[in-house]
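*Asks:* need the 3D shape of this:
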Amino acid sequence: MSAVAPRADTWDYIVIGAGSAGCVLANRLSGDPSRSVLLLEAGGKDRHPFVRLPMLMGKLMHSGIYNWRYDTEPEPELDNRRIYWPRGKALGGSSTINGMIYVRGNAADYDRWAQMGNPGWSYAEVLPYFRRSERHAERRDDFHGDDGPLSVCRARGQNPLFDRFVEAGVQAGHARNDDFNGADQDGFGRYDFTIRHGKRHSTSRAFLRPVRRRPNLTVVTHALTSRLVIEDGRAVAVDYVRGDAHHRACAAREIVLAAGAIGSPQILMLSGIGDADDLGTHGIDVVQHVPGVGRNLQDHVDVCLVYEITEPVSLYRDLRVDRLTRSIIAGAVLGTGVATTFPYEGGAFLRSRPGLVAPDIQAHFMPALEKTANLHWPKFRKTARVGDNHGVTIRVGPVNPESRGRITLRSADPRDPPKIFANYLGTQFDKDTTIAGVKLLREVMRQPAFADIIGPEVAPGPDKADDAALTAWLRQAGGTTLHPVGTCKMGPGDDAVVDHELRVRGVAGLRVADASIMPVIASGNTNAPTIMIGEKAADMILRHSG
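*Replies:* As a prediction, the model looks like this:
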């Protein structure tokens with residue numbers, strides 16, 4: 001990168017990344033009119049019409065719209081396949097393209113964080129931050145907020161297969177659970193969603209848009225951070241590129257990295273903060289030797305169980321182009337119809353064996369065959385078996401994987417994506433737990449609730465009966481649940497990157513506040529915990545500033 005322009009403006013706080021945590025930070029830090037805040041985002045504004053309608057999430061995930069479109073390096077335990085990692089690149093970050101499922105994780109997750117040497121992060125201590133963010137449309141109890149910026153609602157879908165899935169889980173001996181974010185996580189039920197009046201409610205919509213006119217808040221989009229400027233052991237400025245112009249922004253108080261589990265470690269390493277040996281291979285001068293940067297990468301792996309059904313009652317009928325077009329119009333104008341729902345509304349948290357403190361398996365249920373859950377045209381001249389088009393898909397995987405991966409630089413150029421080594425199924429524990437989940441869900445699908453409509457098992461298939469066959473199938477079918485975390489680990493040890501107040505080791509005036517700080521991945525979808533991290537980080541920063 002070429003030299004930085006000589007002129008530099010100064011803000012009290014600079015937040016890098018306008019994602020699930022960054023938008024929260026921008027909102028809360030700018031709430032004090034005496035403090036100025038600069039928010040830098042590498043992507044653009046979230047104005048594309050597809051962003052708002054929940055059913056179109058799949059198109060966003062696989063398009064280049066608001067998406068970094070990462071790929072992992074070849075995964076040894078997944079037949080050396082590269083796994084596609086869509087991550088948000090726009091105001092709202094991944095909350096602009098994700099599945100909108102609002103799951104906080106299990107109380108035991110946060111108690112474990114505290115027990116690992118992170119005071120202030122127990123469940124009792126983080127629950128108020130979850131509640132502070134939340135404006136739940138229906139729930140009124142001690143676990144939920146009703147006046148926060150983020151709209152959360154119950155599942156909206158009307159497909160009868162969701163009720164069959166929950167009933168089958170109960171028939172198999174599991175609990176019925178009306179609220180995965182309530183007193184207990186165990187059981188079968190429906191997820192809550194960050195949807196407002198039938199539209200996606202990203203953190204950009206919830207936290208940033210209402211405060212964009214604050215005179216002390218500056219938002220700069222299409223700003224690619226190239227490095228942090230460290231002087232005398234303190235982070236004092238951010239160098240970034242916008243178009244062909246190079247800029248430097250100075251921070252009078254603090255810089256907060258909220259660029260996510262991929263972006264935050266990459267920016268630290270580009271700035272000379274990381275493992276000294278690794279940085280040296282790219283010709284980067286070492287500012288602070290912090291070997292944990294980029295390590296401790298965790299993600300939820302899963303596989304898809306797929307069954308045909310013998311009645312035409314799946315979502316396939318709603319995804320015909322002419323019908324979905326009408327639904328899109330209804331959703332955009334009235335906030336009603338199937339386009340305002342997310343396909344994976346059914347869910348479950350299960351225990352693979354007795355004696356566990358909390359569930360170790362999560363499932364997502366969709367009333368459609370994975371291969372047909374896309375737009376299609378009417379077939380006027382073609383007759384097919386019902387099962388060719390109608391079915392159900394259940395994604396299942398462990399919520400507490402043991403496998404740890406790593407992110408490293410590809411080069412010293414910030415425009416080059418880093419190398420991602422996810423290390424999926426890198427331990428026997430992860431394989432065994434995933435197989436246990438498959439067996440549990442197979443038993444659920446044998447229950448009377450599905451008996452009159454269940455067809456053949458498409459995947460893994462009846463020939464995959466023993467553990468050896470299922471293990472071979474995992475290598476072919478395993479993929480990501482899109483929950484990368486942990487690459488700037490919080491903790492007291494030498495492998496940690498930040499302390500319990502999210503301050504980067506050895507560098508003053510610099511914190512990380514996003515999913516990368518999780519020492520252990522939360523048990524479930526990770527957007528809600530990331531928002532909580534943004535809330536708690538803002539509170540710590542403001543208390544520190546006096």
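*Asks:* quick check: phi and psi on residue 427?
*Replies:* Dihedral pair for residue 427: phi -130, psi 160, per degrees, to the nearest 10.
*Asks:* need the contact list for it.
*Replies:* 401-403 (Cβ atoms under 8 Å, 6 or more residues apart in numbering). To be clear about C-beta, it is placed using only N, CA and C from the backbone, and glycine gets the same treatment.
*Asks:* Throw the residues you listed into TSV and include distance to residue 51, thanks.
*Replies:* Output for those, formatted as TSV (distance: Cβ to Cβ, whole Å):
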residue	distance to residue 51
401	30
402	36
403	32
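*Asks:* ok, so of those residues, who is nearest residue 228?
*Replies:* Nearest to residue 228 out of these is residue 403 (Cβ to Cβ; 30.0 Å).
*Asks:* so what's the residue count around the closest one?
*Replies:* Using other Cβ atoms under 10 Å, residue 403 is surrounded by 19 other residues.
*Asks:* equivalent analysis for residue 252, please.
*Replies:* 13.
*Asks:* helix or strand for the closest residue to it other than its chain neighbours, which one?
*Replies:* Distances taken as Cβ to Cβ, 6 or more residues apart in numbering put residue 12 closest to residue 252, at 5.1 Å, once the chain neighbours are dropped. Per DSSP states H and E: residue 12 is located in strand 8-16.
*Asks:* all helices for the stretch 51-200 of the chain, in order.
*Replies:* 57-62, 107-115, 123-133, 160-171 (DSSP state H, counting those that start in this stretch).
*Asks:* rebuild the ones you listed as JSON lines, extending it with mean neighbour count.
*Replies:* Below are the helices of the stretch 51-200 of the chain laid out as JSON lines (neighbours: other Cβ atoms under 10 Å):
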{"stretch": "helix 57-62", "mean neighbour count": "17"}
{"stretch": "helix 107-115", "mean neighbour count": "19"}
{"stretch": "helix 123-133", "mean neighbour count": "19"}
{"stretch": "helix 160-171", "mean neighbour count": "21"}
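*Asks:* redo those as JSON lines? Include mean pLDDT.
*Replies:* Shown next, in JSON lines, are the helices of the stretch 51-200 of the chain (pLDDT from 0 to 100):
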{"stretch": "helix 57-62", "mean pLDDT": "76"}
{"stretch": "helix 107-115", "mean pLDDT": "98"}
{"stretch": "helix 123-133", "mean pLDDT": "98"}
{"stretch": "helix 160-171", "mean pLDDT": "98"}
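*Asks:* now the residue nearest to residue 508 when sequence neighbours are not counted: phi and psi?
*Replies:* Counting by Cβ to Cβ, 6+ apart, residue 508 lies nearest to residue 234, which is 4.2 Å off, once chain neighbours are set aside. Taking degrees, to the nearest 10, you get phi -130, psi 140 for the backbone angles of residue 234.
*Asks:* quick one, strands of the stretch 51-200 of the chain?
*Replies:* For the stretch 51-200 of the chain, the strands defined by DSSP state E, counting those that start in this stretch cover 70-71, 84-85, 101-102, 134-136, 150-154, 187-190, 192-193, 195-196, 199-200.
*Asks:* which SSE is immediately downstream of the longest strand seen in the chain?
*Replies:* What stands out as the longest strand in the chain, according to DSSP state E, is strand 245-257. Counting by DSSP H and E, the next helix or strand C-terminal to strand 245-257 is helix 260-270.
*Asks:* just to revisit the earlier point, list the contacts for the residue nearest to residue 508?
*Replies:* 507-510.
*Asks:* sketch out the low-pLDDT regions of the chain for me.
*Replies:* Regions of the chain meeting the criterion pLDDT under 70 cover residues 1-8, 372-384, 546.
*Asks:* quick revisit: what's the most buried one of the strands of the stretch 51-200 of the chain?
*Replies:* Each of the strands of the stretch 51-200 of the chain was scored by mean neighbour count; the highest is strand 192-193, a mean of 26, by mean count of other Cβ atoms under 10 Å.
*Asks:* mind listing the strands it pairs with, and their directions?
*Replies:* Partners of strand 192-193 in the sheet, by DSSP bridges, are strand 101-102 (antiparallel), strand 150-154 (antiparallel).
*Asks:* circling back: distance from the strand holding residue 12 to the middle of the chain?
*Replies:* 27 Å (Cα atoms, centre = their mean, to the nearest Å).
*Asks:* how about stretch 294-306?
*Replies:* For stretch 294-306, the distance to the chain centre is 11 Å (Cα atoms, centre = their mean).
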